[in-house]
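Trainee: Sequence first, predicted model second:
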Amino acid sequence: MVANRPAHKKTARQKIPQVAILLESSHEVSRGMLRGILDYVRLYGPWALHLDSGGANDQKMPNLKAWRGNGIIARIPNAHVAADIVAADLPTVLVDPVDAYLDPGHPLSRCCRVSCDSAAVARRAADYYLANGFSHFAFVGEPSGMNWSVWRQNAFVARLAEAGCECAVYPSPSPEEQKEWEIERRRMSRWLTKLPKPLAVFAANDARGRQVLNACLAADLPVPYEVAVLAVNNDVMICETSLPPLSSIAVDMERAGYSAAELLDQLMRKTLKRQTCVTFDPQDVVARASTQRLQVNDRLVIRALEFIRINAGLNIRASDVADHLGVTQRWVEKRFAGALQRSVMEEIQRVRLDTVKSLVAKTDIPFTAIAKRCGFTSANHLGVLFRQSFGSTMSEFRGQDTRTRK
C-alpha cells in the first residue's frame, strides 16, 4: 500500500477519465505497478480503466474508433502497439521504454516515463556480494539484450572495478538458444563450470536467475556453496519456487505505478507542461538460500549439506547422509565437525526446523501434520523445539506472520 503521499491540488473534472493500462498481469512486477496505479485512483479517481490480462503479447490498445480515451500508461510490447499509441495522440506515460522509443527521432521519446534505476540496482548487488567476502564475479544478462539489462551489466562491472575486482560476462545467446532454453542451458552450464569458485553471479532479473540455478543444477555446481545467485525484482512466485529459493533485490513497483498514475493525471488535467521522467530506487536484498552460504571448502561437506537441504522436509538421519556420500558415518561426522564445528544431526535438525518455520509462516497446515511431515514424534515435542529455537510458540509465530501479510 502506497501511503503518506503529498496532496496535490487538483483541477475539477467534467467527466470520468477513460484510461488504457497496458501492463502484463502475468508477472509480479507489473502486478505491483497495477497496485500502485489503483492506490492513486482510489485517492484521486475515479478512472474507467481498460485492462487486458495476460502476458506482453496480450497487451493491445482499445479500438480507437469506439473508445474515447483520455490517457495511456504502457509498457510497450511491440512496434504495432507503439504505432497505435502514436495514432491515439493521447497523454501517455511509458514504463521502462526500450531504446527504440527513447530515440529522439521517435514520437514516443517525448512522453513522460517511469523507469527503474538499473545502475543503482547493480551497485546494490555488487555491494552485497563484496560485503559477503566474494572475490569472483559473473553477470548473466537478459537474453535479448534489453537496455535495462545492459545498464545493470555496465554498472555492476564498474562498481566491482572500483573495488579492484573483475567480472565475467555471459555471452549473449544465439537466436536458436533464445528460442530453446535447453540448448542454451548446456552452454551456460559449461561456462559456469569453467569460472573460478566460489562464484557470485548477478542475474539481470528473476527469470534469468532461475535459469542460472537450473544451469548450476545440471552442471552439479552446489548453490550457494560454489555458486551464489542474486537476481532482481523479488517476484515471489519465481523466487520461492526456484531450487534453491532465489535471493533477489526488491524494487518498489507500487511506487512506480503510483508515480505513473500521478504523472498521467497531471497530463490529463493539463497541469504538467513538460516531459518528466521518474526513476525509482532499489529496496533491500531479500536474501534466500541461493546466497546464504557457509564458509565451507570441503567438497564432501558441501555434498552433505546439499543432500540435507534437498531432504529438508523428510526424516533423514546421519546414516542416510553417509550412505549418499558412500563413506562411513564416522568419517562424514569427522569432516563435518572440522568444517562446521557441529554434528551432522545438528545440521539436519537446524534445516528441519527452518522448514517447519516456513510451513508455519506460509501455510495453514495443522501443526500435527507439520510435525508428522518433518519427522517429529509429536506436535508437542515440535512445539518445545520451536520455542527454544525461535523464541515464540508456533501459534504466536503464525499469528504474527498473518498480520504482517495483511
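Mentor: Received the coordinates, thanks.

Trainee: C-alpha only now, for contacts and for neighbours.
Mentor: Will do.

Trainee: List the buried residues in stretch 171-185.
Mentor: Along stretch 171-185, these residues count as buried under the neighbour rule (16 or more other CA atoms under 10 Å): Pro173, Glu177, Glu184, Arg185.

Trainee: What lies in contact with it?
Mentor: With CA atoms under 8 Å, 6 or more residues apart in numbering as the test, stretch 171-185 has contacts from Gly141, Pro143, Ser144, Gly145, Gln211, Asn214, Ala215.

Trainee: Of these, which belong to helices?
Mentor: Gln211, Asn214, Ala215 (DSSP state H).

Trainee: which one of those residues has the most neighbours?
Mentor: Scoring those on neighbours with other CA atoms under 10 Å, the highest-scoring entry is Ala215 at 23 neighbours.

Trainee: That one: what's its closest spatial neighbour, skipping adjacent residues?
Mentor: Leaving aside its chain neighbours, Ala215 sits nearest to Ser189 (4.8 Å; criterion: CA to CA, 6 or more residues apart in numbering).

Trainee: Was I right to think the one you found contacts Ala218?
Mentor: Yes: using CA atoms under 8 Å, Ser189 is in contact with Ala218, at 6.8 Å.

Trainee: Can you pick out the residue with more neighbours from the two?
Mentor: Comparing Ser189 with Ala218 by neighbour count (other CA under 10 Å), the higher total belongs to Ser189, at 20 against 14.

Trainee: Scan this protein for its longest helix.
Mentor: Counting by DSSP H, the longest helix found in the chain is helix 344-362.

Trainee: and that helix, C-alpha only, in CSV?
Mentor: C-alpha atoms of helix 344-362 as CSV (Å, rounded to 0.1, in the frame of the first residue of the first chain):
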residue,chain,number,x,y,z
VAL,A,344,25.5,-33.9,11.0
MET,A,345,22.4,-34.5,13.1
GLU,A,346,22.6,-30.9,14.5
GLU,A,347,22.6,-29.6,10.9
ILE,A,348,19.7,-31.9,9.9
GLN,A,349,17.8,-30.6,12.9
ARG,A,350,18.6,-27.0,12.1
VAL,A,351,17.4,-27.4,8.5
ARG,A,352,14.3,-29.3,9.5
LEU,A,353,13.3,-26.5,11.9
ASP,A,354,13.8,-23.9,9.2
THR,A,355,11.4,-25.9,7.1
VAL,A,356,8.9,-26.1,9.9
LYS,A,357,9.3,-22.3,10.4
SER,A,358,8.5,-21.7,6.7
LEU,A,359,5.4,-24.1,6.8
VAL,A,360,4.1,-22.4,10.0
ALA,A,361,4.5,-18.9,8.5
LYS,A,362,3.4,-19.5,4.9
